[in-house]
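S.K.: sequence first, then the predicted structure, then my questions.
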Amino acid sequence: MLRYFYCIILPFLCLIFLCTDLKGETILYRDLIDDFTLADKHHVTAEIDLTGNIDSCLGHGWSNREKNFRWAVGLESELTFFSKGESNIKMRITCRPISPREKACQTIDVYLNGVFIQKINLQKRMAKYTVPLPEKSLRKGENYLKFRYRYARRPFDYSDSNDRRNLSVAFKKIAFAPRSPATALSKEGHCVSQSTGTFLDYYYFIPQHSTLEAVISSIDHGLSAIIDIDADDCPPNRLRTGKSRSVKIALNQYAGKHVRFRFYVENTIAPENTAKQSIIVWSKITLSRPPAETKTAKPKALKNARNLDIVYIVLDAFNSRHAGLYGYHRKTTPFLNRLAGKGIVFDNFFANHPYTLASTATLMTSRYAHDHGLIKKNRKLNAALPTLPEILAENGLVSFLITRHGFISKAWDLSRGFTRVFKNKIEEAASANIDDLARIYESEYRDRQKFIYLHFIPPHAPYTPPDKYNVFIKNRPPALYASAQNLRKIKNRKIRPTKEIMASVTAQYDANILYADSLIKQVYDLLKNYGVLNKTILVITSDHGEAFLEHGELLHCTTVYDEMIHIPLIITFPESIDPGNRHIKEIGDITDITPTILDIFDIHSKHDFEGLSLLSRINGINSKKHIYAETLLTDKKCIRTLKYKYINTRELYDIENDPAETENLFEKLPVTAGYFAQQFKHYRVKTPPPENKATIDLRKVDPEIINNLKALGYIE
């Protein structure tokens, strides 16, 4: 009895007493019923159809769905299901191994919530297997299943297939018996109806002195309404009631933490004695807090910015971790270091997509790839979205594109809206781009206010700078020349990436950064010689990063770990503006560029953007809490804050303490992980622009562009 008092009654009384500490006026900052579409709504799982769109159930170790099944990739895969905690549940799995020609018997070791429960020996064909789920290992609510396999194989090893994935088992369906009765969870007007067998989860970050209030306006006989409150490093709290009433819970102990509020219903009498579908009705669920003291920010104005030019320079595939500017052990950026002393450096700036095609489209539109449509090589930019150069033209400004990159061209619609395009061949020296810059300042546009987009290929592969920049290579010749062809062979494991080879490849990449740094100096000197530095804002950044097997991947395109998305950003202003030289810690991303440029030019656009002007952060106003990144080529998505990174493959990293992203905290911090998983929904509930159906036939693209993309490693 004493144990019951301490475990159940005392926490409840503490919640009630805490409520009395709140005095004075409060303000509503969250109406959870209004957020119903964003909440996680779970029903007791009857069946998981692996051929369906059930990615929210899947953890790591799965491929994208195919027509009749979904592959487990590698030697381990995870998924989740929901249970009322009932006994005698049997799981039925329909699956088959990768190939009937395998001599070895494929096996699956099944784990429930970390506890081994059964080994399955698979037949050679698609078959059904029954696995009883022990009651002692089954949780009420969310449960984790882990499957471990004896082996994984690549289709590439069996035939002439180009599929190099490590596949193990093809799954079709996972069913649970006994099946639960029909459940209901819906919103009508401003009320939420809920029956047993459903779970409604909200995740929020809790400010100081917050209060949760809920009103149960109707509850059927024999039901209990339950609110569970969980945080990763706090003891859980539960409120249970069987009556229509209002409740008020102080959240002082959760201030500054991510919290999950779980709403669900339980029967208190035998199910056969209740109505077929008994429900409760929540008519109010809100979060409120006392009014915060407001401090009026006084941003420093950018005086005389209306008549300035902007020169925006992209150094392709620049991983910020390899920049001396950001503390790298090699002196790869001597000029950028000097320039940083005159400007503003963003320490936490990111690409939203780790490849040029999608990233450049995001720069031009301030929209993500799932909106602008430039995902693969055979897609075109969504014609419904205006580009930055088009908006500038509408407001009387001229813009210029200088590039040697094949993707940034008319074929993919990325040159749309520019006043003039300077296109150089890939075999020409990068300095040819600088010659084109000089032509602009010798033309009739010299004294017109303008935007210039200058895209350099270095440090992008191949890592073959002029020989004088190869100062980091210890052995001559290097262990392996970092040509696009050799890098592809490493990526496809046709060349074994030994420690010596990777050290050599990294040294050549660093040399290419040193070369890129010298190109920036040439641009700076040209602007100085033409006497236009005093009227030019210089922006130096990249379109994405570059990986060197930190997480098993080489080059870019495939992941959203920091090596592929963390990029440099330096902005220098003329002395007439002088916002100071400093490092800015606040987070930003490429979606912020278009709003920033329009802000500098004092253009107020009616178009919707995902980004926010960086001028607010330069002026000391923190206006962004996280960035979103995705690579739809491999269906990887992430949300990145200064503290955490969450990846949709059930990965959570504490970036502050683990910048290399080595320790996955998903299971240790489930509430924090759930909070970020719920944030993903913000990027899907917005109304997308009209569907983009424009495609490109690569066979009809200019052969020079195709050769360009082959030289850069995009086409084999």
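M.R.: Alright, I've got the coordinates. Residues are numbered from 1 along each chain as shown.
S.K.: how about low-confidence regions in the stretch 451-600 of the chain?
M.R.: For the stretch 451-600 of the chain, not a single residue meets the criterion pLDDT under 70.
S.K.: sorry, slip of the keys, the one I care about is the stretch 251-400 of the chain.
M.R.: Judged by pLDDT under 70, the stretches of the stretch 251-400 of the chain that qualify are 270-277, 292-306.
S.K.: all strands of it, in order?
M.R.: Taking DSSP state E, counting those that start in this stretch as the test, the strands found in the stretch 251-400 of the chain are 258-267, 279-289, 309-315, 344-346, 349-350, 398-403.
S.K.: out of those, flag the one nearest residue 631.
M.R.: For these, the distance to residue 631 is smallest for strand 349-350, at 12.7 Å, taking Cβ to Cβ. (Each C-beta comes from the backbone N, C-alpha and C, glycine too.)
S.K.: would you agree residue 120 is in contact with residue 93?
M.R.: Yes: with the criterion set as Cβ atoms under 8 Å, residue 120 and residue 93 qualify as a contacting pair; they are 7.3 Å apart.
S.K.: mutual contacts of the two, please.
M.R.: A shared contact of residue 120 and residue 93, defined by Cβ atoms under 8 Å, 6 or more residues apart in numbering, is any residue touching both; here these are 108, 129, 131.
S.K.: neighbours around the first one, how many?
M.R.: What that stands for is residue 108. With neighbours defined by other Cβ atoms under 10 Å, the count for residue 108 comes to 23.
S.K.: do the second one as well
M.R.: Under the neighbour criterion other Cβ under 10 Å, residue 129 is assigned a count of 16.
S.K.: ok, residue 444 next?
M.R.: Taking other Cβ under 10 Å as the criterion, the count of residues near residue 444 is 8.
S.K.: for it, grab phi and psi.
M.R.: phi -70, psi -10 (degrees, to the nearest 10).
S.K.: just say which of the strands of the stretch 251-400 of the chain is most tucked in.
M.R.: Stretch with highest mean neighbour count among the strands of the stretch 251-400 of the chain: strand 349-350 (a mean of 26; mean count of other Cβ atoms under 10 Å).
S.K.: name the nearest residue to the residue nearest to the spatial centre of the chain, sequence neighbours excluded.
M.R.: Of all residues in the chain, the one closest to the mean position by Cα atoms, centre = their mean is residue 638, 2.1 Å from it. For residue 638, the nearest residue in space outside its immediate sequence neighbours is residue 560; the separation is 4.1 Å by Cβ to Cβ, 6 or more residues apart in numbering.
S.K.: equivalent analysis for residue 400, please.
M.R.: residue 452 (4.8 Å).
S.K.: and the longest helix anywhere in the chain with strand 309-315, angle?
M.R.: Criterion DSSP state H: the longest helix present in the chain is helix 499-529. Counting by axes from the mean of the first three to the mean of the last three Cα atoms, to 10 degrees, helix 499-529 points 170 degrees away from the direction of strand 309-315.
S.K.: what sits against the closest residue to residue 470 other than its chain neighbours?
M.R.: Spatial nearest neighbour of residue 470, excluding adjacent residues (Cβ to Cβ, 6+ apart): residue 511 at 4.7 Å. Shown here is residue 511, whose contacts under the criterion Cβ under 8 Å, 6+ apart are 463, 465, 469-473.
S.K.: how many neighbours does residue 37 have?
M.R.: The criterion is other Cβ under 10 Å. On that basis, residue 37 has 9 neighbouring residues.
S.K.: how near is it to residue 183?
M.R.: In this structure, residue 37 and residue 183 are 18 Å apart, going by Cβ to Cβ, to the nearest Å.
S.K.: same question for residue 80.
M.R.: Going from residue 80 to residue 183 by Cβ to Cβ gives 17 Å.
S.K.: one more: residue 588?
M.R.: 43 Å.
S.K.: between these two, who's got more neighbours?
M.R.: Neighbours of residue 588 and residue 183, each counted by other Cβ under 10 Å, are more numerous for residue 588; the result is 23 against 19.
S.K.: let me know whether that one touches residue 622 as I believe.
M.R.: No: taking Cβ under 8 Å as the definition, residue 588 is not a contact partner of residue 622, at 10.6 Å.
S.K.: got the buried residues for stretch 47-61?
M.R.: In terms of neighbour count (16 or more other Cβ atoms under 10 Å), stretch 47-61 has its buried residues at 48-50, 54, 57-61.
S.K.: return the list of helices and strands in contact with the helix or strand containing residue 214.
M.R.: Element membership for residue 214 (DSSP states H and E) is strand 211-219. Using 3 or more Cβ pairs under 8 Å, 6 or more residues apart in numbering; DSSP states H and E as the contact criterion, the elements in contact with strand 211-219 are strand 223-231, strand 245-250, strand 279-289.
S.K.: are we agreed that residue 432 is in a helix?
M.R.: Yes: with the criterion set as DSSP: H, G, I helix; E, B strand; the rest coil, the secondary structure at residue 432 is a helix.
S.K.: show me where the stretch 601-716 of the chain has helices.
M.R.: Remark: helices assigned in the stretch 601-716 of the chain by DSSP state H, counting those that start in this stretch are 615-618, 670-679, 703-711.
S.K.: so which elements touch the last one?
M.R.: If you count contacts as 3+ Cβ pairs under 8 Å, 6+ apart, helix 703-711 packs onto no helix or strand.
S.K.: that helix - what's its average pLDDT?
M.R.: Mean per-residue pLDDT for helix 703-711: 81.
S.K.: and what of the longest one?
M.R.: Confidence for helix 670-679, expressed as mean pLDDT, is 94.
S.K.: the closest residue to residue 634 other than its chain neighbours in helix, strand or coil?
M.R.: Distances taken as Cβ to Cβ, 6+ apart place residue 558 nearest to residue 634, at 5.2 Å, with adjacent residues excluded. Following three-state DSSP, residue 558 is assigned to coil.
S.K.: again with the one 5 residues further on
M.R.: In three-state terms, and counting by three-state DSSP, residue 563 is helix.
S.K.: now do the same contact list for it.
M.R.: Residue 563 makes contact with 319, 321, 545-548, 550-551 under the criterion Cβ under 8 Å, 6+ apart.
S.K.: ok, now residue 423?
M.R.: 403-404, 409.
S.K.: over to residue 550?
M.R.: Contacts for residue 550 (Cβ under 8 Å, 6+ apart) come out as 561, 563, 660-661.
S.K.: what of residue 108?
M.R.: By Cβ under 8 Å, 6+ apart, the contact list for residue 108 reads 93, 95, 119-120, 122, 147-149, 169.
S.K.: export the residues you listed to TSV and tack on pLDDT and secondary structure?
M.R.: Below are the contacts of residue 108 laid out as TSV (pLDDT from 0 to 100; DSSP: H, G, I helix; E, B strand; the rest coil):
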residue	pLDDT	secondary structure
93	97	strand
95	95	strand
119	97	strand
120	97	strand
122	96	coil
147	97	strand
148	97	strand
149	97	strand
169	96	strand
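S.K.: need those residues in TSV with neighbour count and distance to residue 235, can you?
M.R.: As requested, the contacts of residue 108 are exported to TSV (neighbours: other Cβ atoms under 10 Å; distance: Cβ to Cβ, whole Å):
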residue	neighbour count	distance to residue 235
93	23	36
95	25	40
119	12	37
120	18	38
122	21	43
147	22	32
148	18	33
149	21	38
169	24	39
